[in-house]
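Peer 1: Can you look at this prediction? I've put the sequence above it.
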Amino acid sequence: MGEVYLAEHLMLHREIALKVLIPDRMNSEHVERFLREARSCSRIEHPNVVTIHDVGEENETYYIVMQYVKGKNLAEIVQTQGGPLPWRTALKILRYDASGLAAVHKQGLLHRDIKPSNIMVGDDSRVQLMDFGLVRDEAQSDLTGTGVIMGTPIFMAPEQCTGSKLDRRTDIDHIGQNDNLRQNLRRFTSFRLLKLPNL
Ligand SMILES: Nc1ncnc2c1ncn2[C@@H]1O[C@H](COP(=O)(O)OP(=O)(O)OP(=O)(O)O)[C@@H](O)[C@H]1O
Ligand SMILES: [Mg+2]
């Protein structure tokens, strides 16, 4: 939904990450989701969740200012590795993810899109959850806003595919798929992508 830039905060003289809502997503629903992402994430203070510093709008461009995490996302790490991570590493990442996720759930929120590209591993080995673009209050998790099922298909839990009410178990299903049990160690996800026959 956004583009993320490495930027310099000119007054603080420090690197920050700037997520900008891409211009063709400027309708009210996307703006609302973008602001919800910033507000929800900023409620969470936890070492395993990326820190939001600010959110704003300039010349009709919406942006989120975040802590810059120097490192790689988990998808990039697995790709560079060219195969499953050693199980101890995978387990360590899973533990930190679970810890960050518990802080998300403690705020009554569901992340709904935990996947390798939304997990950053810093050069200092710190693991941080990010990208709260699909976040929802748990109490409202059956409302998609548009009546559209949301998520990243290959990582979706069964209840997401059927549009049923979600709860924190959906996020827990995602971290199990992403980090350890399936994709990184055994290299398969819940679903295989099949080429659809021409209709
Ligand atoms: N704070 C950050 N520090 C460093 N890199 C970041 C940061 N936030 C995002 N990134 C990088 O940018 C990528 C995209 O960020 P994010 O997932 O928030 O955007 P997105 O628009 O939702 O992307 P996607 O649709 O691919 O999930 C991340 O996978 C990560 O590699
Ligand atoms: Mg993302």
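Peer 2: Good, I have the coordinates. Ligands and ions are numbered 1, 2, ... in the order given.

Peer 1: And the helices in the chain, which stretches?
Peer 2: For the chain, the helices defined by DSSP state H occupy 28-42, 74-81, 87-106, 158-161, 168-175.

Peer 1: Buried deepest among those, which one?
Peer 2: Most buried of the helices of the chain by mean neighbour count (mean count of other C-beta atoms under 10 Å) is helix 168-175; its value is a mean of 20. (Glycine included, C-beta is placed from N, CA and C.)

Peer 1: And the average pLDDT for that helix is what?
Peer 2: On average, the pLDDT along helix 168-175 is 89.

Peer 1: okay, the angle between it and helix 87-106?
Peer 2: 160 degrees (axes from the mean of the first three to the mean of the last three C-alpha atoms, to 10 degrees).

Peer 1: List the contacts of helix 168-175.
Peer 2: Outside of helix 168-175, the residues within contact range by C-beta atoms under 8 Å, 6 or more residues apart in numbering are 94, 97-98, 101, 104-105, 110-115, 138, 141, 155, 157, 159-160.

Peer 1: Please convert the helices of the chain to a markdown table, extending it with distance to residue 20.
Peer 2: Listed next are these as a markdown table, based on distance: least, C-beta to C-beta, whole Å:
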| stretch | distance to residue 20 |
| --- | --- |
| helix 28-42 | 9 |
| helix 74-81 | 21 |
| helix 87-106 | 23 |
| helix 158-161 | 27 |
| helix 168-175 | 26 |
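
Peer 1: can you redo these as TSV with distance to ligand 1?
Peer 2: As requested, those are arranged in TSV below (distance: least, C-beta to the nearest ligand atom, whole Å):
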stretch	distance to ligand 1
helix 28-42	8
helix 74-81	7
helix 87-106	14
helix 158-161	16
helix 168-175	13
